[in-house]
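**Q** With the sequence up front, the predicted model follows.
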Amino acid sequence: MENKSESEITKLDWLDENVRNYIGSIYRVQHFYANLTDIEQLIVIITEECKNACNAEAGSLLLYDEKKKELSFQVTLGPVGSEIIKKEIRIPITCGIAGEVARTKKPLIVNDVKNDSRFFSGVDIVTQFSTRNILAVPLIDRQRLVGVIEMVNKINDEPFTHEDLRFLEILASWAASAVVNSQLIQEKLQAERFATIGYTLTSLSHHLKNILTGMLTSTELIEKALTQKNYEIVHKSWPVLKRTSLYVFEFVKDLLLFSKPRIPQKIYCNLADITNKVSEFFADLFSNREIELIINISEVKGKVFLDPNGIIHCLTNLVLNAGEAVPEKKGIIKIESNQLENGDIVITVSDNGKGIPPDDLKHIFEPFFTTKGYRGTGLGLSVTKKIVEEHGGIIQVISEKDIGTKFIITLPQSDIK
């Protein structure tokens, strides 16, 4: 489309060269405006086209801060452009030619700034630049001031013309629209971020509150029972306190593991040591509910190369979830493992629970996705997937309604020499 535009313009050789330059810039900006999704890049292109078509030494696009009543440089092109951005120069709308344009919302051509009382020399003093003449046009979108675009120093000591001004007004309207669209997008993204943060904090705090309530209740019961020397209540309450302590521990670990990338600390280890520790975690928890935890890893011979703590955390998360899904008294959870021909280790955690609905299955590894309401954080499976992928492995899930769910973890062993 751009080449076609340039071709059409060359046919207008009967027009003045400056007019052809204006038309060429308008064609190019229209093309970018219709096809470019990066709005910040778009306003740079618009400013550059204005600078080139107006034959100016420098060009700037300034945004208006309504609260502070000042203009700040968003785009600066020319010899001292980077210096202006680096020094974060801001211009109050009570001074300067750009300030006058912002206040009145009317364009200005000043071809002899040294003899104009409105000229603000502060930028020249800071940057050691010498301004001779200025063309400035307000950026207006639906009657609202967005900023100012200005061209500085017409090349060859020529004056800025009214043709330059009319051209600049055309592109200024596109620039204003682009800036407003960018601001609206940023505001929407910020609102969505705040909403997500608010929901997440609420969910996490409710989850933690529920766990701590269980701990507090157990502590009070144990304290009262010890005072009364009623050791039967102590024995009944102790597993609950131990279980809730485990939940807090796993909850905090999930938060820490989710918050930052981590390199697995792989070592040669026995898979049996890992599964034994997982089994110990759930001994009291599952015995009260008569859930059977079956471990069969006999097919894996010798040592494996992985991060024991990371895999323990993965299996703990998966077994915790399975424990909530299986039926009381008849729950069965299995941890099984085998070794593929290429040496890779496959660990499966399966249960005889109610299964995961198909609509939920595609979301279960997403951060903060949970079907447990305030009883879950939605972090466990996300962290599990993260740890497995940090090992270079993959995790898959198979689930059938009223039959159960199986998570399959494949861990490469190619690092073993």
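**A** That came through fine. Numbers count the residues shown, from 1 in each chain.

**Q** residue ranges for the strands of the chain, please.
**A** 56-65, 70-77, 90-92, 108-110, 134-141, 144-154, 267-269, 292-296, 304-306, 332-339, 345-351, 394-400, 404-411 (DSSP state E).

**Q** Out of these, the one nearest residue 227 is which?
**A** strand 292-296 (35.6 Å; C-beta to C-beta). Using the backbone N, CA and C atoms, a C-beta is placed for each residue, glycine as well.

**Q** residues in contact with that closest one?
**A** Contacts to strand 292-296, defined as C-beta atoms under 8 Å, 6 or more residues apart in numbering, come from residues 275, 279, 282, 286, 319, 331-337.

**Q** Go again with 10 Å.
**A** 271-272, 275-276, 278-279, 281-283, 285-287, 315, 319, 322-323, 326, 330-338, 348, 350, 352 (C-beta atoms under 10 Å, 6 or more residues apart in numbering).

**Q** out of the residues you listed, which are buried?
**A** 271, 275, 278-279, 281-282, 285-286, 315, 319, 322-323, 326, 331-337, 348, 350, 352 (16 or more other C-beta atoms under 10 Å).

**Q** all helices of the stretch 151-300 of the chain, in order?
**A** Along the stretch 151-300 of the chain, counting by DSSP state H, counting those that start in this stretch, helices occupy 162-227, 231-259, 271-289.

**Q** which phi and psi does the residue lying closest to residue 329 once chain neighbours are set aside have?
**A** Nearest residue to residue 329, sequence neighbours excluded (C-beta to C-beta, 6 or more residues apart in numbering): residue 290, at 4.9 Å. Backbone torsions for residue 290, taken as degrees, to the nearest 10, come to phi 60, psi 40.

**Q** In a markdown table: the strands of the chain, plus mean pLDDT and distance to residue 179.
**A** Putting these into a markdown table (pLDDT from 0 to 100; distance: least, C-beta to C-beta, whole Å) gives the following:
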| stretch | mean pLDDT | distance to residue 179 |
| --- | --- | --- |
| strand 56-65 | 88 | 7 |
| strand 70-77 | 86 | 8 |
| strand 90-92 | 84 | 17 |
| strand 108-110 | 91 | 20 |
| strand 134-141 | 88 | 7 |
| strand 144-154 | 89 | 5 |
| strand 267-269 | 91 | 55 |
| strand 292-296 | 90 | 60 |
| strand 304-306 | 91 | 52 |
| strand 332-339 | 92 | 57 |
| strand 345-351 | 93 | 53 |
| strand 394-400 | 92 | 44 |
| strand 404-411 | 94 | 49 |
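
**Q** Nearest approach to residue 228 belongs to which of the ones you listed?
**A** In terms of C-beta to C-beta, the element of the strands of the chain nearest to residue 228 is strand 292-296, at 34.6 Å.

**Q** Mind listing what's buried along that closest one?
**A** 293, 295.

**Q** Now do that strand against strand 332-339, angle only.
**A** 10 degrees (axes from the mean of the first three to the mean of the last three C-alpha atoms, to 10 degrees).

**Q** how about the nearest residue to residue 120, chain neighbours excluded?
**A** Using C-beta to C-beta, 6+ apart, the nearest residue to residue 120 is residue 96, at 3.1 Å.

**Q** List the contacts of the one you found.
**A** 71, 102, 113, 118-123, 134, 136, 148, 150.

**Q** for residue 263, same thing?
**A** Neighbouring residues of residue 263 by C-beta under 10 Å, 6+ apart: 307, 390.

**Q** and it, what pLDDT?
**A** Looking at residue 263, its pLDDT is 82.

**Q** Next, it: phi, psi?
**A** Torsion angles at residue 263 (phi, psi; degrees, to the nearest 10) stand at phi -90, psi 120.

**Q** Domain ranges for the protein, per the record?
**A** 2-188, 262-411 (automatic domain parsing).

**Q** nearest to residue 225, of those domains?
**A** Comparing those by their distance to residue 225 (C-beta to C-beta), the top pick is domain 262-411, with 17.5 Å.

**Q** For the residue nearest to residue 361 when sequence neighbours are not counted, give me its contacts.
**A** Leaving out its chain neighbours, the residue that sits closest to residue 361 by C-beta to C-beta, 6+ apart is residue 399, at 6.0 Å. Applying C-beta under 10 Å, 6+ apart to residue 399 gives the contacts 325, 350-351, 353-358, 360-361, 364, 405-407.

**Q** now with 6 Å?
**A** Residues in contact with residue 399 (C-beta atoms under 6 Å, 6 or more residues apart in numbering) are 355-356, 405.

**Q** Likewise for residue 404?
**A** 351-353.

**Q** Turn the strands of the chain into a markdown table, columns for distance to residue 163.
**A** Shown next, in a markdown table, are these (distance: least, C-beta to C-beta, whole Å):
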| stretch | distance to residue 163 |
| --- | --- |
| strand 56-65 | 13 |
| strand 70-77 | 21 |
| strand 90-92 | 27 |
| strand 108-110 | 11 |
| strand 134-141 | 11 |
| strand 144-154 | 12 |
| strand 267-269 | 75 |
| strand 292-296 | 83 |
| strand 304-306 | 72 |
| strand 332-339 | 79 |
| strand 345-351 | 74 |
| strand 394-400 | 64 |
| strand 404-411 | 69 |
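
**Q** Those strands: which one's closest to residue 84?
**A** Among the strands of the chain, the nearest to residue 84 by C-beta to C-beta is strand 70-77 (4.7 Å).

**Q** before we move on, back to that, now, of the contacts of residue 96, which are buried?
**A** Among the contacts of residue 96, those classed as buried by 16+ other C-beta under 10 Å are 71, 102, 113, 119-120, 123, 134, 136, 148, 150.
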